[in-house]
Every structure is written in structure tokens, then in C-alpha cells.
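Trainee: Pasting the sequence and the predicted model now:
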Amino acid sequence: MPPIFIYFLYALYIYFVLFYRYFNPKVRRLKRNIPGLLHQYSVYYQNLNHKEQKHFRKRMLRFISLKRFYRFDKSKVTDEMKILIAKSAVQITFGFSDGHEYEVFRNIAISDKEYRSHQTKNIHYGEANPSKSLIAFSWKKFMEGMANPHDSMNLGLHEFAHALFINNMKGYRNKEFFKEIREWHTTIIKLKKERTIYDFFRCYAFKNNMEFFAVSIEYFFENPKAFHQQLPELYAVMCRMLNQNPMLPNNGLARKIPFFWKF
Ligand SMILES: [Zn+2]
């Protein structure tokens with residue numbers, strides 16, 4: 001390939017990167033709206049230091065750029081919807097250095113309220129459906145989850161917890177997460193025998209292991225102190241799995257942010 005053509009391709013790439021980051025009006029609008037919504041709705045974000053907050057916002061924009069958002073009734077997806085959904089997705093995987101993009105799931109669908117799933121034929125508030133590469137939410141239920149950050153009920157975190165688990169099962173592995181799965185499983189078997197686990201989580205957690213993981217993620221982020229106090233062994237496994245600890249300042253994150261992320 002002649003060198004001039006390579007230079008041309010390189011210049012084109014730089015042009016698109018710069019356009020997307022600095023000049024695209026949709027991205028500029030999202031960038032303007034993100035900080036206010038995070039301050040209003042995310043205790044997690046407020047617990048991050050300045051450098052990690054910037055990193056968090058970048059990951060949100062990346063998530064939004066990678067996914068196709070749509071509503072069941074074909075009406076417009078608002079910036080608020082995109083931002084709050086991206087916030088839930090990024091929060092769970094924020095401890096991972098890579099593999100944090102839920103690659104199995106390309107589509108994010110929003111229903112105004114509960115809906116009937118094509119797959120199960122049951123009424124759902126949300127689902128993570130790998131066969132349709134889809135994560136869906138009832139917006140009413142999603143916002144109820146955002147309204148109280150400490151009641152351990154959060155549909156956004158719940159569905160992205162399912163998505164993370166499925167993503168790892170489908171081969172997109174996060175090394176920290178995958179390394180601890182066996183330990184996580186052993187720990188819940190032990191705690192079930194001791195019965196202590198039943199006093200802490202709501203009943204729905206015990207439907208199956210997938211639901212247990214999703215519900216425990218809600219407790220992990222919304223009620224970390226009580227979780228740690230009641231079930232320290234399981235809490236420690238989850239900290240290692242997610243490579244973070246929301247009970248600590250800066251959510252327990254201690255990492256060097258790569259040079260290129262600073263721009
Ligand atoms: Zn579930």
C-alpha cells in the first residue's frame with residue numbers, strides 16, 4: 001500500500017476521533033448534561049475523586065456510543081435515559097481495566113412501564129436477553145430504583161449484573177471476575193448451609209444463582225456497610241470480583257489511569 005494512502009487513512013481516523021470528541025453536537029450536549037444528573041442521582045460518582053470522576057464520564061460516553069438505544073413505542077430516547085442507563089452499566093464494571101463494555105448486548109430497549117417479554121411471555125420490569133442482544137427496562141421501575149440510593153432496590157444495577165454474568169459466560173471474560181466465580185459459588189453454598197444469608201437478602205434472591213448475583217449487586221452498591229457487617233466473607237469475594245469496594249473512599253479504586261485517557 002503506498003505510504004500516502006496510509007497517511008490519508010490516518011488523517012481520516014484523527015478527523016473522526018476529534019469530530020466525535022469535540023464537535024459532534026449530540027456528544028457536546030451529553031457532556032453538558034452528564035455532571036448534573038450524576039450529582040443528582042449517583043452517590044457512587046460523588047464518592048470518586050476528581051480524576052476517577054473524569055474517567056467515569058468518559059466510560060459513560062463510550063458506552064452510549066457503542067449501544068443502540070430505542071423505545072418500545074418508537075418515541076425519542078432522551079439524554080437523561082441514556083445517561084442514567086450508562087451510569088448503571090459503568091458503575092458495576094468500573095473496577096475492570098478492560099472488558100467493561102457488555103459486548104454480548106448491542107441494544108438497549110426502554111418501555112414506559114412493565115411489558116410482556118417475547119421470550120418468556122411473562123410480564124417483566126426488565127431483562128438481559130443474549131439471544132436478542134438486548135437489555136430492556138421499564139422506565140418507571142428504573143426511576144423508582146434511582147429515587148432511593150440506599151434501599152437495595154435498583155433495576156438498572158440488577159439488569160446490568162445479569163448482563164455482566166452472561167457476558168462472562170459467553171466468553172468475554174473479566175479476569176478479576178472470572179477468577180473469583182468459583183470462590184463466590186463456594187461461599188454462597190456455605191452461607192446457605194449456615195442459613196445466615198436468608199436473613200439479609202430479599203426472597204427474590206433465592207430464585208436461582210443468576211438472580212442471587214443480580215440482587216446481591218443491588219445490596220453491594222446501595223447498602224455496602226450493612227452487607228459487610230452481616231456477610232463479610234461474601235462481601236470480600238464481591239470486592240475482589242468487581243475490583244472495587246463502595247464502602248471505602250473513591251470506592252476502593254486504586255489504579256493508574258492510562259496516559260491517553262487523560263485527554
Ligand atoms: Zn433478575
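Mentor: Sure, I can see it. Numbering: from 1, shown residues only.

Trainee: Could you pick out the residues of the chain near the ion for me?
Mentor: 211, 214 (C-beta under 5 Å from the ion). C-beta: built from backbone N, CA, C; applies to glycine.

Trainee: So, low pLDDT: which residues of the chain?
Mentor: 1-2, 18-22, 99, 256-263 (pLDDT under 70).

Trainee: Tell me how many other residues surround the closest residue to Asn122 other than its chain neighbours.
Mentor: Closest residue to Asn122 apart from its sequence neighbours, by C-beta to C-beta, 6 or more residues apart in numbering: Arg116 at 7.1 Å. Arg116 has 10 neighbours, counted by other C-beta atoms under 10 Å.

Trainee: Next, the contact list for Arg116, please.
Mentor: 122-124 (C-beta atoms under 8 Å, 6 or more residues apart in numbering).

Trainee: what pairs with it across the strands?
Mentor: With DSSP bridges as the criterion, Arg116 is bridged to Ile123.

Trainee: ok, now how distant is it from the ion?
Mentor: Arg116 is 16 Å from the ion, where distance means C-beta to the ion, to the nearest Å.

Trainee: Just the closest residue of this protein to the ion, please.
Mentor: Relative to the ion, the nearest point of the chain is Ala214 (4.5 Å; C-beta to the ion).

Trainee: so that residue makes contact with Glu159?
Mentor: Yes: using C-beta atoms under 8 Å, Ala214 makes contact with Glu159 at a distance of 7.5 Å.

Trainee: Mind checking what secondary structure Arg173 has?
Mentor: Per DSSP: H, G, I helix; E, B strand; the rest coil, the secondary structure class of Arg173 is coil.

Trainee: in the chain, which spans are helices?
Mentor: Counting by DSSP state H, the segments of the chain that form helices are 3-18, 25-41, 43-46, 50-66, 79-93, 139-147, 155-169, 175-194, 209-222, 224-230, 232-242.

Trainee: Tabulate the ones you listed (a markdown table), appending mean neighbour count.
Mentor: As requested, the helices of the chain are exported to a markdown table (neighbours: other C-beta atoms under 10 Å):
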| stretch | mean neighbour count |
| --- | --- |
| helix 3-18 | 10 |
| helix 25-41 | 14 |
| helix 43-46 | 17 |
| helix 50-66 | 17 |
| helix 79-93 | 23 |
| helix 139-147 | 18 |
| helix 155-169 | 23 |
| helix 175-194 | 14 |
| helix 209-222 | 21 |
| helix 224-230 | 16 |
| helix 232-242 | 19 |
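
Trainee: which residues touch Gly126?
Mentor: 135-138, 141-142, 155, 158-159 are the contacts of Gly126 under C-beta under 8 Å, 6+ apart.

Trainee: Which two of these have the greatest separation?
Mentor: Of all pairs drawn from those, the one with the longest distance (C-beta to C-beta) is Ile135 and Lys141, at 13.6 Å.

Trainee: thinking again about what came up before, how about the helices of the chain, which one is nearest Leu253?
Mentor: helix 50-66 (5.9 Å).
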